[in-house]
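# Build me a model:
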Amino acid sequence: MAGQHMEREGRYTETHMTPLERDELILKLHKQGWSQRQIARKVGMTQPAIKYAIDRQTGKQRSRAKYEVCDGCGGNFTKDQLGSGLCADCEHGL
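Okay, here's the model as predicted:
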C-alpha cells in the first residue's frame, strides 16, 4: 500500500500545474467527452475529485442532505415532499 501511495504522490508533483490550470484542463477534457476516470488518470487525481471539480466549475450544487425542514411546522421531510419549503399540510393551511 505504501508503494501505491508514493506513486500517487509522485503523479501530483509531476504535473507542475497550478490549480487554475488543472481545473481548466479538467473542464476542457470533460467537454471533449473524456470520462471522469480517464481525466483522473491524466491529471493524477481521484475520480470523485474530478466529479467535484466539474460540479464546482459548472455551478452544480452538492447537497447530501436527504431531508429538509418544513418552514411552517419544522418537521423533517424528503426534498420531493417540500415544494416551496412547506409540507403538504402547511401548504393546505395557507
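
# Low-confidence ranges, the chain, go.
By pLDDT under 70, the low-scoring segments of the chain are 1-15, 61-65, 83, 92-94.

# Swap in 80 and give it another go.
Counting by pLDDT under 80, the chain shows low-confidence ranges at 1-16, 60-68, 71-72, 74, 77-88, 90-94.

# how is it carved up into domains?
2-58, 64-94 (automatic domain parsing).

# Output these as TSV; include the columns mean neighbour count.
Where C-beta positions appear, they are placed from N, C-alpha and C, glycine not excepted. Formatted as TSV, those follow (neighbours: other CB atoms under 10 Å):
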stretch	mean neighbour count
domain 2-58	13
domain 64-94	13
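
# Can you tell me, leaving aside adjacent residues, what's nearest to L29?
Excluding its sequence neighbours, the residue lying closest to L29 (CB to CB, 6 or more residues apart in numbering) is I39, at 4.9 Å.

# what about the helices in the chain?
Taking DSSP state H, the helices of the chain run over residues 2-14, 19-31, 36-43, 47-58, 88-93.

# got those helices as a markdown table, with distance to Q81 columns?
Listed next are those as a markdown table, based on distance: least, CB to CB, whole Å:
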| stretch | distance to Q81 |
| --- | --- |
| helix 2-14 | 42 |
| helix 19-31 | 33 |
| helix 36-43 | 31 |
| helix 47-58 | 25 |
| helix 88-93 | 7 |
